[in-house]
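K.L.:
Kindly generate the corresponding structure for this input.
(chains A, B, C and D)
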Protein chains: 2
Amino acid sequence: MRPENRNQVKELSLFRRMSDEAFDRLLAGSFFQRFPAHVVLIREGDPADFLHIVIDGGVELFCSWRDHETTISIARPISTFILAAVIKDAPYLMSARTLEPSSILMIPSKNIRQAMSDDSAFSLAMVEELAACFREVVKAQKNLKLRSGVERLANYLLWLDAEQQNSGRVTLPFEKKLLASLLNMTPENLSRAFATLKPYGVAVSAAEVELKNLDDLRRFAKPTPLIDDPKC
Amino acid sequence: MRPENRNQVKELSLFRRMSDEAFDRLLAGSFFQRFPAHVVLIREGDPADFLHIVIDGGVELFCSWRDHETTISIARPISTFILAAVIKDAPYLMSARTLEPSSILMIPSKNIRQAMSDDSAFSLAMVEELAACFREVVKAQKNLKLRSGVERLANYLLWLDAEQQNSGRVTLPFEKKLLASLLNMTPENLSRAFATLKPYGVAVSAAEVELKNLDDLRRFAKPTPLIDDPKC
DNA sequence: CCAGCCGCTTGACATTTATCAAGGCGCGGT
DNA sequence: ACCGCGCCTTGATAAATGTCAAGCGGCTGG
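P.N.:
So this is what the prediction gives:
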């Protein structure tokens, strides 16, 4: 791992307030590895031996049951995933695979648990982080239970626009098939949902989406901070 | 609050390892109050001034958006709710109301945050608790995204049976309307879902449900620890 | 360059879920 | 006891979502 990457990780709110020595101790026994696209990093049910951090690329977190599969979330640099399993020393609840060629840092779970008992500032940071993660999942659940597929798509597009400079032109960050799974619909349904949003100024051309009438789209989508604001 | 209640709360894994003095300091400025049934304790969006703990009765956590409302979970004695909002000092994501006459302990948020920075064992316990909560919500999301309404009901009945001594006879712990909302269906649909499960030995009479063929029901429901095991 | 695969879209259709309406039943209040 | 309300069920119907099949078009590997 290059020192530049090490420092990016160190800047995560989880690690920012650790001493450099403690952080280097935490990293002892870690692996920094580059993976090709579409490689399974974690299988749900496996023991949580490592905390994973995406340094570069992107990782899909997904679950299966019987013959269904669904995407729970996408982890982008620089962020951790499957933190809770590591803390509880419990099996992973989700599987993970790379979307693209990706660089992943893997820190042994026992280092994390050790650092928590050694360093109370670290465990405080961990409390903050977990509380934030918890709230994100609760928001995702509200999104699922309270909204229809089309409404989820509309709100997703508004969120994406905010991510991408509010220009009214967004680029879907991954294939539509995956987006469909994230929004809990079939690819066929996603196509139709885009068509449904046409009257609200949504024009799709491959991965490029133009939002020509943000006011109307917002009136339709009715976003609320208590579901859609990531900082809330 | 009676000393008996105080000691029950003290036995929660969150507080168990605190000193008695620290615990009493935590409780300074707390309220212990009895509420009638169907009283709103918390409204989503409000600032999180208190950590709530159900001592007796039951509390429904629910959310609204536009004209929909849905139940996220039920808090039963002795347990906390809305922990994450308290920690982040952020608005509540859910509303809460009593199901029945209930006793609630309310601890000022700042006491909690103070105790976390004072007592590293407490912040470690908090990390454990939040990780467990996080995993619960993730499981709920898997349940929602991967299963149909009937499948959710079947698995709920199996879970209830495990809660109630595996006798093959369970009593629904609240009205069906609420169960429907928890399982993300309409009351009409829940009725029909029960009818669908009849061939698997499910016989309903008001709140009493007989599971006359657990093997068949299990074959249908296909429970998995990674969704259904609360201890996992 | 071409063949084949894969992602995406569209249409037809099936299934699931929601909505609307009506009626039975039990319970609490008068 | 009886009324009235709210819960629950059932039926009819509508809307949302999923499935199956076909076809387009871009990308890739031979």
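K.L.:
Pull out the buried positions in the least confident helix or strand in chain A by mean pLDDT.
P.N.:
Least confident helix or strand, chain A: helix A:3-10 with a mean of 94, by mean pLDDT, DSSP states H and E. Neighbour-count burial for helix A:3-10 flags A:5-6, A:8-10 (criterion: 16 or more other Cβ atoms under 10 Å in any protein chain shown). Placement of C-beta: from N, CA and C, glycine included.
K.L.:
just the residues you listed that are near DNA strand C?
P.N.:
Filtering these for proximity to DNA strand C by Cβ under 7 Å from any atom of the strand leaves nothing.
K.L.:
What residues does chain A have near DNA strand C?
P.N.:
So chain A meets DNA strand C at A:175-177, A:187-188, A:190-192, A:194-195, A:204 (Cβ under 7 Å from any atom of the strand).
K.L.:
Just the buried ones among these, please.
P.N.:
For the residues of chain A next to DNA strand C, buried by 16+ other Cβ under 10 Å: A:190, A:194, A:204.
K.L.:
export the residues you listed to CSV and tack on secondary structure, distance to DNA strand D and pLDDT?
P.N.:
Converted to CSV, those look like this (DSSP: H, G, I helix; E, B strand; the rest coil; distance: Cβ to the nearest atom of the strand, whole Å; pLDDT from 0 to 100):
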residue, secondary structure, distance to DNA strand D, pLDDT
A:L190, helix, 8, 98
A:F194, helix, 12, 98
A:V204, strand, 14, 97
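K.L.:
got the residues you listed as a markdown table, with distance to chain B columns?
P.N.:
As requested, these are exported to a markdown table (distance: Cβ to the nearest Cβ, whole Å):
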| residue | distance to chain B |
| --- | --- |
| A:L190 | 15 |
| A:F194 | 21 |
| A:V204 | 24 |
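K.L.:
For A:L93, see how far away the closest residue to A:W65 other than its chain neighbours is.
P.N.:
Nearest residue to A:W65 in three dimensions, chain neighbours excluded: B:L146, at 4.1 Å (Cβ to Cβ, 6 or more residues apart in numbering or on different chains). The gap separating B:L146 from A:L93 is 12 Å, by Cβ to Cβ, to the nearest Å.
K.L.:
packing partners for the helix or strand hosting A:Q33?
P.N.:
Under the criterion of DSSP states H and E, A:Q33 resides in strand A:31-35. Counting contacts by 3 or more Cβ pairs under 8 Å, 6 or more residues apart in numbering or on different chains; DSSP states H and E, strand A:31-35 packs against strand A:102-108.
K.L.:
And A:S95, how far from B:K142?
P.N.:
When A:S95 is compared with B:K142 (using Cβ to Cβ), they lie 11 Å apart.
K.L.:
What segments of chain A are strands?
P.N.:
A:31-35, A:40-42, A:50-56, A:59-65, A:68-75, A:79-81, A:95-98, A:102-108, A:169-171, A:202-205, A:208-211 (DSSP state E).
K.L.:
what's the angle from the helix ranked longest in chain A to strand B:59-65?
P.N.:
In chain A, taking DSSP state H as the definition, the longest helix is helix A:120-146. Helix A:120-146 and strand B:59-65 are oriented at 60 degrees to each other (axes from the mean of the first three to the mean of the last three Cα atoms, to 10 degrees).
K.L.:
Quick check: buried residues in helix A:120-146?
P.N.:
A:120, A:122-135, A:137-146.
K.L.:
do stretch A:17-33 as well
P.N.:
A:18, A:22-23, A:25-27, A:30, A:32.
K.L.:
Over to stretch A:61-80?
P.N.:
Using 16+ other Cβ under 10 Å as the burial criterion, the residues of stretch A:61-80 that qualify are A:61-65, A:70-75, A:77, A:79-80.
K.L.:
ok, is it in contact with DNA strand D or not?
P.N.:
No - in terms of Cβ under 7 Å from any atom of the strand, no part of stretch A:61-80 sits within range of DNA strand D; the closest distance is 7.8 Å.
K.L.:
so for that stretch, what's the average pLDDT?
P.N.:
The pLDDT scores in stretch A:61-80 average 97.
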